[in-house]
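**Q** coordinates only, sequence not included:
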């Protein structure tokens, strides 16, 4: 497994950790105030960023120990192209999600808390999907 | 009439072996790209930009069409 695949897997794992953490924290979202919900969501985003950085460092250290050499993460035109495809998919999924969420909020008269949580989660899901696309290209 | 999608092949692997059995990592380091990109090029999974294609050809002291070509 090359460094790009490992880093992408690290990003997927960190986003999944944040989603699981937010799921447990937002168990009673319907009764929670909007302030506490946004606090959880912001913390969740922070956790995902921190986890991604930590995982990247840990993965890099472990792979250096196992292989006995330091693998540099060189970025080239192919990486930029894959990144572009991933960003496009990310944007499409996030855009569609926002339209669906707004539709659900309007037609079914759902609570605004649902909308805020769903928009944040759709951002995470879009990020995870784009990372899976990266894995497909890097494999 | 529109030209159908063309499939560009290359002789990078052969040229590497003819060049003192240069490794993929060595070629990648010379050109300044990742080893994964060399792997993708050799497997015809990725067609490089014109600039990168020229860099590869220059590394082997070959003309561009000797390295990248269309198999008919």
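**A** Thanks, I have the structure now. Keep in mind that what you see is a predicted model, and the values were worked out from it rather than measured.
**Q** how many neighbours does whatever residue of chain A ends up closest to chain B have?
**A** Per C-beta to the nearest C-beta, residue A:76 is where chain A lies closest to chain B, at 3.9 Å. No exception for glycine: its C-beta is placed from N, CA and C like everyone else's. Residue neighbour count, defined by other C-beta atoms under 10 Å in any protein chain shown, stands at 18 for residue A:76.
**Q** Now do the contacts for it.
**A** With contact set as C-beta atoms under 8 Å, 6 or more residues apart in numbering or on different chains, residue A:76 has these partners: B:32, B:33, B:34, B:37, B:52.
**Q** ok, it to residue A:133 distance?
**A** Between residue A:76 and residue A:133 the distance is 18 Å, computed by C-beta to C-beta, to the nearest Å.
**Q** Among the contacts of residue A:76, which are located in helices?
**A** Secondary structure assignment (DSSP state H) places B:37, B:52 from these within helices.
**Q** Check the contacts of residue A:76 and tell me the two furthest apart.
**A** Greatest spatial distance among the contacts of residue A:76 (C-beta to C-beta): B:34 and B:52, at 11.7 Å.
**Q** Settle it for me: which of the two has more neighbours?
**A** residue B:34 (24 against 19).
**Q** where does chain B come near chain A, residue by residue?
**A** B:28, B:32, B:33, B:34, B:35, B:36, B:37, B:40, B:46, B:48, B:49, B:52 (C-beta under 8 Å from any C-beta of the partner chain).
**Q** Narrow these to those that are buried.
**A** Buried members of these, counted by 16 or more other C-beta atoms under 10 Å in any protein chain shown: B:28, B:33, B:34, B:35, B:36, B:37, B:40, B:46, B:48, B:52.
**Q** Low-confidence stretches in chain B?
**A** Screening chain B residue by residue with the criterion pLDDT under 70, one finds the ranges B:1, B:72.
**Q** give me the residue from it nearest chain A.
**A** Of the residues in chain B, the one nearest chain A is residue B:33, at a distance of 3.9 Å by C-beta to the nearest C-beta.
**Q** From what I see, that residue and residue B:12 are in contact.
**A** No: when contacts are counted by C-beta atoms under 8 Å, residue B:33 is not listed as touching residue B:12 (11.9 Å).
**Q** Overlap of the contact sets of those two?
**A** With C-beta under 8 Å, 6+ apart as the test, residue B:33 and residue B:12 reach no residue in common.
**Q** Now do the contacts for the residue most central in space within chain B.
**A** Of all residues in chain B, the one closest to the mean position by C-alpha atoms, centre = their mean is residue B:12, 4.6 Å from it. For residue B:12, the set of contacting residues under the criterion of C-beta under 8 Å, 6+ apart consists of B:27, B:38, B:41, B:42, B:56, B:67.
**Q** right, and the pair among those residues with maximum separation?
**A** Maximum distance among the contacts of residue B:12 (C-beta to C-beta): 12.6 Å, for B:38 and B:67.
**Q** And for residue A:107, the neighbour number?
**A** 8.
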